[in-house]
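*Asks:* Below are the sequence and a predicted model for it; my questions follow.
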Amino acid sequence: MAETNRTEKATPKKRRDERKKGNSFQSKDVISIVVLLLGFYAIRRMGGFIAKQTEQQFVSLMSRAIRNPGLSIPLCVEIFGDMVKAYMLSAMPIVLTCMTAGVLVTGIQTRFLVSGELIKFKGNRISLIAGIKRMVSLRSTVQLLKSMLEIAVIIWVITTGVRDMLPVVPDILSVDIGTSLAFMMNRTTAMVYKICLFFVAVAVMDFGYQRYEYEQKLMMTKQEIKDEYKQMEGDPLIRSRIRERQRKLSLNRMIQQVPEADVVVRNPTHYAVALKYRAEEDAAPLVVAKGQDSLARRILDVAEKNGVLIAENKPLAQSLYRNVDVNEYIPEEFFRPVAEILAWVYRQRKERRRA
C-alpha cells in the first residue's frame with residue numbers, strides 16, 4: 001500500500017540523502033556505447049601503427065630464429081620482454097582511451113559521486129530471498145529482454161554481412177593479401193558501424209528508462225513529505241513550546257527593565273507603558289516595557305514595588321502602546337506630552353528630596 005501511494009516527487013533533501021547512500025542515476029548502456037565507439041575509433045586511428053608493431057615483432061622473431069636455432073632462457077626472456085613492449089605500445093593507448101571514456105561518462109551521469117556506502121557489507125546482498133526477488137523483478141526482466149534483443153541484432157548483422165561477402169570469396173583469393181585485408185577491414189568496419197548505430201538507439205532508450213525508473217524509486221508519499229518537513233522544521237508542538245518559552249523569556253527581560261524606568265503611563269489599568277530617559281545617553285525617551293490588561297497590571301505592580309512614578313494619561317498610554325515597540329525611542333509626535341509627564345516626574349522627585 002505504501003508503494004502505491006508514492007505520488008509525490010522527491011524533495012531536494014531526499015535526493016541529497018540518496019546521493020549520500022551512493023544511489024544516483026546512470027545508464028550503463030550509454031557508458032558501453034561511448035566506450036565502444038571511442039575504442040573502435042582509437043583502433044581505426046592506430047591501425048597502421050599496430051600493424052607496423054606486429055610486423056616488426058614478427059620480423060624480429062624470425063631473425064632470432066635464423067640466428068639462434070636453439071632457445072636459451074636469456075633469449076626467451078628477451079623475446080618475452082620485446083613482446084610485452086610491443087603489446088604495451090599497441091594496446092595501452094586504446095585501453096587508456098576506453099578507461100578514460102568510461103570514467104568520464106560515469107562521472108558526468110553521477111556528477112562524480114563518491115560514496116563509501118556502496119562498499120559496505122550488507123546482509124541482503126547475500127540473501128537468497130533478496131537475490132530471487134531481484135531476479136524476478138521488472139528491472140531484471142527488462143534487462144533480460146534487452147540483452148536478448150542485442151544478441152539477436154548482433155547475430156543478424158554478422159550473418160547478413162558474412163552472407164553478402166560469400167559471393168566475392170573467390171575474387172579475394174585471386175588478389176594480393178594487402179587488397180584482401182583492406183576489403184575485409186572495410187566490410188568488418190561496416191558491420192561494426194551498424195552494430196554501433198543499433199546500440200546508440202538502445203542507449204538512448206535505456207537512458208530514458210533508467211531516468212524514469214530512478215525517479216519512480218525516489219517518489220514519496222504525502223506522509224513521508226510531512227515527516228521530512230517535521231524533521232527539518234521541528235514538530236509543530238515543539239515549535240509552539242519553543243516560541244512560548246521565548247515569549248516568556250522576552251517578557252521577563254522586559255519586566256526586569258521596569259525598575260529602571262522614570263515613569264509608567266497608564267490607562268488606567270488596561271494599558272501601561274514604562275518610559276526611561278537619560279539626557280546624557282538617550283536621544284529621546286525610551287520605551288522599556290509595555291503591556292495590556294494582565295501584563296499591564298503586572299508592570300504597574302512592579303513599578304509600585306520599586307518606587308517608579310505612575311502617570312495616568314489615557315490617550316497617550318494607548319498611542320504609545322500601539323505605535324512604539326519595546327526598546328525603541330518614541331517618535332517626535334509624542335515629545336510634547338511625554339516631556340510634560342517627565343517634567344512632572346522631576347518635580348515629584350524634588351519634592352520627595354525636600355521632604
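*Replies:* Thanks, I have it.

*Asks:* Give me the pLDDT for the residue lying closest to M46 once chain neighbours are set aside.
*Replies:* Distance criterion Cβ to Cβ, 6 or more residues apart in numbering; nearest residue to M46, sequence neighbours excluded, is P93 at 6.3 Å. Every residue, glycine included, has its C-beta placed from N, CA and C. At P93 the predicted local confidence, pLDDT, stands at 85.

*Asks:* tell me the SS of P93?
*Replies:* The three-state label for P93, taken from DSSP: H, G, I helix; E, B strand; the rest coil, comes out as helix.

*Asks:* so it makes contact with I50?
*Replies:* No: checked against Cβ atoms under 8 Å, the pair P93 and I50 is beyond contact range at 9.6 Å.

*Asks:* burial count for the residue nearest to M46?
*Replies:* Counted with other Cβ atoms under 10 Å, residues neighbouring P93 total 16.

*Asks:* ditto for V324
*Replies:* Counted by other Cβ under 10 Å, the residues lying close to V324 total 19.

*Asks:* Report the beta-bridge partners for the closest residue to it other than its chain neighbours.
*Replies:* Closest residue to V324 apart from its sequence neighbours, by Cβ to Cβ, 6+ apart: V287 at 4.9 Å. In this structure, V287 has beta-bridge partners L275, E328, where bridges are defined by DSSP bridges.

*Asks:* Test for you: state the pLDDT assigned to V287.
*Replies:* In this prediction, V287 carries a pLDDT score of 91.

*Asks:* for the chain, which spans come out with low pLDDT?
*Replies:* For the chain, the stretches with pLDDT under 70 are 1-4, 65, 69-71, 115-139, 173, 177, 232-238, 355.

*Asks:* where do the strands sit along it?
*Replies:* Using DSSP state E, the strands assigned to the chain run over residues 263-267, 271-276, 286-292, 309-312, 328-329.

*Asks:* now for the shortest one, which elements pack on it?
*Replies:* Secondary-structure packing of strand 328-329 (3 or more Cβ pairs under 8 Å, 6 or more residues apart in numbering; DSSP states H and E): strand 286-292.

*Asks:* what residues does the strand it packs on touch?
*Replies:* Applying Cβ atoms under 8 Å, 6 or more residues apart in numbering, the set of residues contacting strand 286-292 from outside is 254-255, 257-258, 260-261, 270-277, 298-299, 320-321, 324-330.
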